[in-house]
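Visitor: Compute the structure for the input listed below.
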Amino acid sequence: MSDYFIKALAYGDSLRVITSVTTETIKEAQSRHKTWPTATAALGRTMTATMMMAAQEKGDEKITVTVQGGGPIGAIVSDADTEGQVRGYVTNPEVHFELNAHGKLDVARAVGNTGFLSVVKDLGLRENFTGRVPIVSGELGEDFTYYFARSEQVPSAVGVGVLVNPDQSVKAAGGFIIQVLPGAEDAVIEKLEERLKSIPPISKLIDAGHSPKQLLDDLFSDGNYRILQQHPVHFHCGCSKEKFGNSIKGLGAKEIQAMIDEDGGAEVTCQFCETQYQFTADDLRALILKK
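Guide: You can find the predicted model right below:
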């Protein structure tokens, strides 16, 4: 099943909903970064949440999320656009622990709970919107829920999950975001809260083959929703040799010449996708001459 998300409204348009399956997308991220299981779960949850947040925006807007919880995984960085394109990386991909007391991957231990979750929205304006909140659990779903309530003043429920196979590949990944819109009745909120307590973990539902449409049925068993949009999701990195060349050019002629003299060239690796770019001595000389 190809990855995609669905945007919907529920209960008389009083709830805004996004459901998603991101299994193939997170598989790609795990393959590129060679993450160990707990790191894979943390990265996958963050990328899935980032993608769904970006899907709420319009036009060419882009969102970058940075999670720095103080744990051994280090920073998790992910960005996404409104077209379902997402990428991400972790500082320390080789992080894994025994299962926690609930029999699940111990993401909270890997992420930590002494730092911050930051969201930067590039809205095409002169200045970007930036929101920053403390990490409250390190489980990430709860942390994104707290971000919406604290930074954007929108009561929300965020569920993200990743299952990892014994061979470290990704078995299932996806999530949902439900947000309460102005005017929602208390009865609707109470019904939603009770439903969220009763349904299985999102990763288990996806592992059972549930699509984003079926996840809507899991969340709203009475069918009281209407679908607004369905859109593909995939891992995408827009890096290129030209972009890295421009970055090297910004170092200045003296620094570039030092690369030529000391190393005879340069090799650059993209943090987001692990693609390597080679710059020969001639490539670097051309950057010095380029105005």
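
Visitor: Angles on the backbone of Thr280, please.
Guide: Reported as degrees, to the nearest 10, the phi and psi values for Thr280 are phi -70, psi 170.

Visitor: what sits against the nearest residue to it once chain neighbours are set aside?
Guide: Nearest residue to Thr280 in three dimensions, chain neighbours excluded: Gly265, at 4.9 Å (CB to CB, 6 or more residues apart in numbering). Quick note: C-beta positions are derived from backbone N, CA and C, even for glycine. For Gly265, the contact set (CB atoms under 8 Å, 6 or more residues apart in numbering) comprises Met259, Gln278, Phe279, Thr280, Ala281, Asp283, Leu284.

Visitor: For Gly265, give its distance to Gly161.
Guide: 44 Å (CB to CB, to the nearest Å).

Visitor: and what of Val136?
Guide: Counting by CB to CB - Val136 and Gly161 are separated by 18 Å.

Visitor: quick one, helices of the stretch 101-250 of the chain?
Guide: 107-111, 141-151, 186-198, 202-207, 212-219, 241-249 (DSSP state H, counting those that start in this stretch).

Visitor: Among those, which comes closest to Arg87?
Guide: Set against Arg87 and scored by CB to CB, those come closest in helix 241-249, at 13.8 Å.

Visitor: which element is the residue lying farthest from the centre of the chain on?
Guide: Distance from the C-alpha centroid of the chain, by CA atoms, centre = their mean, peaks at Asp261 (40.2 Å). Applying DSSP states H and E as the criterion places Asp261 in helix 253-263.

Visitor: What residues of that helix count as buried?
Guide: Neighbour-count burial for helix 253-263, with 16 or more other CB atoms under 10 Å as criterion, is recorded at Ile256, Met259, Ile260.

Visitor: Ok, stretch 193-213 next?
Guide: Arg195, Ile202, Ser203, Leu205, Ile206, Asp207, His210, Ser211, Pro212.

Visitor: Contacts only, for the second one.
Guide: Meaning Ile202. Gly159, Val160, Gly161, Gly174, Gly175, Phe176, Leu215.

Visitor: farthest pair in these?
Guide: Top of the distance list for these (CB to CB): Val160 and Leu215, 12.1 Å.

Visitor: between these two, which one's more packed in?
Guide: Val160 (29 against 24; other CB atoms under 10 Å).

Visitor: which residues of the stretch 1-150 of the chain score low on pLDDT?
Guide: 1, 123-126 (pLDDT under 70).

Visitor: Next one: the spatially closest residue to Thr23 that is not a sequence neighbour relative to Gly161, how far apart?
Guide: Nearest in space to Thr23, with sequence neighbours left out and distances taken as CB to CB, 6+ apart, is Ala173 at 4.8 Å. Distance of Ala173 to Gly161, given as CB to CB: 7 Å.

Visitor: So these two - more neighbours on which side?
Guide: Per other CB under 10 Å, whichever of Ala173 and Gly161 has more neighbours is Ala173, with 32 against 27.

Visitor: Give the bridge partners for that one, please.
Guide: Counting by DSSP bridges, Ala173 is bridged to Val162.

Visitor: what residues are up against it?
Guide: Ala173 sits next to 21-23, 25-27, 44, 48, 161-163, 203, 206 when contact means CB under 8 Å, 6+ apart.

Visitor: which of these has the most neighbours?
Guide: Thr48 leads the contacts of Ala173 on contacts (other CB under 10 Å) with 37 neighbours.

Visitor: And the one helix or strand it maps to, how far out from the chain middle?
Guide: Using DSSP H and E, Thr48 sits in helix 37-55. Distance, stretch centre to chain centre, for helix 37-55: 4 Å (CA atoms, centre = their mean, to the nearest Å).
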